[in-house]
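Asker: Predicted structure and sequence below. I'll ask about it afterward.
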Amino acid sequence: MTQETRLHIGTTPWDWSAVREGPGISEQARTAEQYGFDSFWLPESHFSGGRSVPAPLLLLAAAAAATSRIELGCVSYLLPIRNAVLAAEEIAVLDRLSEGRLILGLGRGIAPAMFEAFGIDAGDKRELFAQRLQQIRDLWQADGALGLAPLPLQTPEPRLWAAALGPKALQQIASLGLPYLASPLESSDLLAQNLAAYRRNAPAEAVRITPIMRTVFIAESSRAGKALEEVLARQLRAAGKFADQQIEDVAIIGSAESVHARIDLYREALGMTHLILRAGLPGVSAIEELDSACKLLEMFSQPNTDVDAIHR
């Protein structure tokens, strides 16, 4: 496999109890780097109890200070709720702090309660998304009126991707020339439809990047794999709008051979270039999840470190 066709593999935290603490995030990012992951990702969420991540850039700054090579990403940095000047400055500072390792996945948000709390009409989110993005890009121009400093290390801007749910969102990010970061709860069939619609309107440079988030786990036995699928299926049913999906539509669980085959299918059928593991599986210990990840990295020729050596 050549460098140009190599699958880039990233991960979210596997221990979500540590997300609330900078040191915990730092340790997980450092471990992900030792394993050979290409990237380490955090979402943004508000008013979600123990799963809230209201300030992902601050946590990624802690991860940046603890690492030197791994790329650092935000799955969905919510533009509509932000002041464009502050966002442009904070993103630039983090890109400098991480020495250009930032990938910023942009989002609009979906929770009505969040928009209400920030004093924003949810119906304006797409307009505000485009407006904030343009303002931020203008501020990053070296000859901008405000003379923003520092500017991002990556030029002309950090790598910007965008999450999207629904035809209007897909059309918008295609028109803005942003790579499409697919939801982890979109079925394979829906993904194929959305990617086709997106690629009809997006520029060639954007469609060269196809990042997809998925739950992936290499099970020691078919019984263990089925048990995990049942737990995940219960969670999926509790997710409301995604309740009618089958677990195999949004998760890749099974033997090493079956996982490899299904990932290959994602690459061939959907053109996946980046796989972001949705880690932190229920009922799975950190050592089990990291062991599965290590096997996955070996499959796709990623450098890795022995699991036990990391935890000695």
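Answerer: That came through fine. Numbering: from 1, shown residues only.

Asker: if I look at Trp258, how far off is Leu151?
Answerer: Not Trp; residue 258 is Ser. 47 Å (CB to CB, to the nearest Å). Every residue, glycine included, has its C-beta placed from N, CA and C.

Asker: Who has more neighbours out of the two?
Answerer: Legend: neighbour count by other CB atoms under 10 Å for Ser258 and Leu151, higher for Leu151 (20 against 15).

Asker: Return the set of buried residues in stretch 44-53.
Answerer: Using 16 or more other CB atoms under 10 Å as the test for burial, stretch 44-53 gives Glu44, Ser45, His46, Val53.

Asker: farthest-separated two in the residues you listed?
Answerer: Using CB to CB, the buried residues of stretch 44-53 span at most 8.4 Å, a distance reached by His46 and Val53.

Asker: Return the residues in contact with Leu7.
Answerer: Applying CB atoms under 8 Å, 6 or more residues apart in numbering to Leu7 gives the contacts Ile263, Arg267, Met272, Thr273, His274, Leu275, Phe300.

Asker: show me the contacts for the third one.
Answerer: In this structure, Met272 makes contact with Leu7, Thr210, Pro211, Ile212, Ile263, Tyr266, judged by CB under 8 Å, 6+ apart.

Asker: make it 10 Å
Answerer: 7-8, 182, 191, 195, 210-212, 214, 263-266 (CB atoms under 10 Å, 6 or more residues apart in numbering).

Asker: ok, which stretches of the stretch 201-312 of the chain are strands?
Answerer: 211-218, 251-254, 274-277 (DSSP state E, counting those that start in this stretch).

Asker: What are the boundaries of the helices in this structure?
Answerer: 22-35, 56-66, 84-97, 112-117, 125-139, 167-175, 188-201, 204-207, 222-237, 247-250, 256-270, 286-299, 307-311 (DSSP state H).

Asker: Now do Asn194 against Val250, distance only.
Answerer: Taken as CB to CB, the span from Asn194 to Val250 is 14 Å.

Asker: swap in Leu181?
Answerer: Computed as CB to CB, the Leu181 to Val250 distance reads 15 Å.

Asker: Then Leu102?
Answerer: Relative to Val250, and taking CB to CB, Leu102 is found at 27 Å.

Asker: What of Pro13?
Answerer: Pro13 sits 19 Å away from Val250, going by CB to CB.

Asker: neighbours of Ala174, just the number please.
Answerer: That count, for Ala174 with other CB under 10 Å as the rule, works out to 22.

Asker: Pretty sure it sits against Ala164.
Answerer: Yes: at 8.8 Å, Ala174 and Ala164 qualify as touching, with contact defined as CB atoms under 10 Å.

Asker: Ok, which of the strands of the stretch 201-312 of the chain comes nearest Val284?
Answerer: Of all the strands of the stretch 201-312 of the chain, it is strand 211-218 that lies closest to Val284, at 6.9 Å by CB to CB.

Asker: That closest one to helix 222-237, inter-axis angle?
Answerer: Orientation check (axes from the mean of the first three to the mean of the last three CA atoms, to 10 degrees): strand 211-218 against helix 222-237 gives 140 degrees.

Asker: Pull strand 211-218 out as CSV, backbone CA atoms only.
Answerer: Extracted C-alpha coordinates of strand 211-218, given in CSV (Å, rounded to 0.1, in the frame of the first residue of the first chain):
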residue,chain,number,x,y,z
PRO,A,211,-13.4,10.8,6.7
ILE,A,212,-15.9,8.4,8.3
MET,A,213,-16.5,7.8,12.0
ARG,A,214,-17.4,4.3,13.0
THR,A,215,-17.5,2.0,16.1
VAL,A,216,-15.0,-0.7,15.3
PHE,A,217,-14.0,-3.6,17.6
ILE,A,218,-12.2,-6.9,16.9
